[in-house]
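Enquirer: just a sequence and a predicted model for now, questions to come.
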Amino acid sequence: MSIQTPEAPTTLPPAEPPKKAKTGRRSIFLRRPFFTIALIVAAGYVLAAIFAPYVAPYDPVMQDINAMMQAPSVAHLLGTDSYGQDILSRVIYGARYALIIGIFSVLIGAAGGLVIGLAAGLSGGWLEWALMRLIDSILALPSLILAVAFIAILGQGVDKVVVAVGLSMIGPFARTVRADVMQVRVQLFVEAATLMSIPYLKVIWRHVLPNVIFPLAVQVTIRISEAILVSSSLSFLGIGVTPPTPDWGLMIAEGRAFVSFAAWMSAMPGFALALLLIALSIVGDGIREEFDPKLRRGA
């Protein structure tokens, strides 16, 4: 009789330590360094515009005949213009006017575009056809040409420029809103709400509008730089902001006649304008690529 020896217990391999859960996506500030730098630059302009009375070394409209067209120096870091006004102070205050015009004109364009886009996307029939022809007629001309036409009707001044630039930007916002409304209104949750006899206005308020507002807000951040460029172009042409308002476009136009021997008169406000436009464009593109639902679905 053979005695069977018990088999040695099989040794299991040591359990691997649990893997740490993957952390979320890195912050947008780490993934997009150019966006971060541009955001810092844009924030610097905003702070300079808000605290302009405390940052600017001189009164932007104060004239000093004894300091006419002085080159950049310790007393005037960016030099003076043909009226003896300090260019640095005028550039700082110019950021205030540029941002005010850019932000409020875009808000006017977004509000008008939201109303027209919603009406065109939800109505159908002859009303949609008429509104789309209106949008097409607005988009057929550049924003600058339309703004010039509105300025000819409204007149000059900061408030007139805000309204003129805002009206000229209704077309792009309206087309964007209409496209989003056309996509949302065929979704199942909208059809279900309609079949449940929920009032039509409540369906628009609860289901359509929330899906349209966010893409519209993304477009607002992108269009601010365009509005600033259009307003500065109007001032450069002499039909926008009136002197002695410290507007960058106006300052560039005033320095054209002296560019051969006093280049700083046009170069300094031109550099400030270009830097702000580049920063706002990078910030707007970064926000669009990061938060636009359409781009995120395609990624």
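Expert: It's in.

Enquirer: residues near the nearest residue to residue 143 once chain neighbours are set aside, how many?
Expert: Excluding the flanking residues, the one nearest residue 143 by CB to CB, 6 or more residues apart in numbering is residue 168, at 4.5 Å. C-beta here means a position set from N, CA and C on the backbone, and glycine is covered the same way. By the criterion of other CB atoms under 10 Å, residue 168 has 27 neighbours.

Enquirer: any low-confidence regions in the chain?
Expert: The model of the chain has pLDDT under 70 over residues 1-26, 186, 191, 193-195, 197, 200, 291-299.

Enquirer: max-length helix in it?
Expert: Scanning the chain for the helix with the most residues, using DSSP state H, yields helix 87-123.

Enquirer: so how far is the following helix or strand past it from its chain's centroid?
Expert: Moving toward the C-terminus from helix 87-123, the next helix or strand (DSSP states H and E) is helix 125-139. On the basis of CA atoms, centre = their mean, to the nearest Å, helix 125-139 sits 25 Å off its chain's mean C-alpha point.

Enquirer: contact partners of helix 125-139?
Expert: Residues external to helix 125-139 that are found in contact with it (CB atoms under 8 Å, 6 or more residues apart in numbering): 116, 119-121, 123, 146, 168, 170-172, 174-175, 178.

Enquirer: how about those residues in JSON lines, adding distance to residue 229?
Expert: Below are the contacts of helix 125-139 laid out as JSON lines (distance: CB to CB, whole Å):
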{"residue": "116", "distance to residue 229": "23"}
{"residue": "119", "distance to residue 229": "29"}
{"residue": "120", "distance to residue 229": "27"}
{"residue": "121", "distance to residue 229": "29"}
{"residue": "123", "distance to residue 229": "33"}
{"residue": "146", "distance to residue 229": "14"}
{"residue": "168", "distance to residue 229": "12"}
{"residue": "170", "distance to residue 229": "17"}
{"residue": "171", "distance to residue 229": "17"}
{"residue": "172", "distance to residue 229": "14"}
{"residue": "174", "distance to residue 229": "21"}
{"residue": "175", "distance to residue 229": "20"}
{"residue": "178", "distance to residue 229": "25"}
